[in-house]
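[1] mind folding the following:
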Amino acid sequence: MLEGGYGFRARFAATPGGRSRIRAARFPAHKTLEEFHFTFQRSVKKTVIEHLGQLDFLHAKESVILHGPPGTGKTHISIALGTRACLAGQRVLFRTATEWVALLGEAQRQGKLDQELDPLRARKPDRHLKQPFSA
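    Next up is the predicted model:
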């Protein structure tokens, strides 16, 4: 079950590492799972998101890929999970699939793909949160 208010966050937010990992992840906005409106977005199963919020997928070394039409909360959930992972001590790098394709495609066209990938390899985030294209 999702902890209300600042439950999960309060355990980790006080650590300087948590805040710096959140900054390094480059989230485009601040989002939490507690702020997600499940009543508005009925296609999102609350029990699934609650389970993901426990971050068991990280310990199992599994990825999470969110897909669906625009406006279903993919970005909100991705940012919220990534923030939780940062607060739990994980390194995260956030980009939408569109951003990854544009960034890496341009680097490849300029013959600088390895140059672009080297900092990512060196940084070695524990988990990349991926958000597929929306139709």
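[2] so for the spatially most central residue of the chain, what's the pLDDT?
    Centroid check for the chain by CA atoms, centre = their mean gives G82 as the closest residue, at 3.4 Å. pLDDT recorded at G82 is 94.
[3] elements contacting the host helix or strand of it?
    Assessed by DSSP states H and E, G82 sits inside helix 74-87. On a contact count with 3 or more CB pairs under 8 Å, 6 or more residues apart in numbering; DSSP states H and E, helix 74-87 meets helix 7-12, helix 16-25, helix 46-53, strand 92-94, strand 127-129. All C-beta spots, glycine's among them, are computed from the backbone N, C-alpha and C.
[4] quick one: it to chain centroid distance?
    4 Å (CA atoms, centre = their mean, to the nearest Å).
[5] please apply the same query to stretch 59-79.
    7 Å.
[6] for E106, which three-state class applies?
    Classification of E106 using DSSP: H, G, I helix; E, B strand; the rest coil returns helix.
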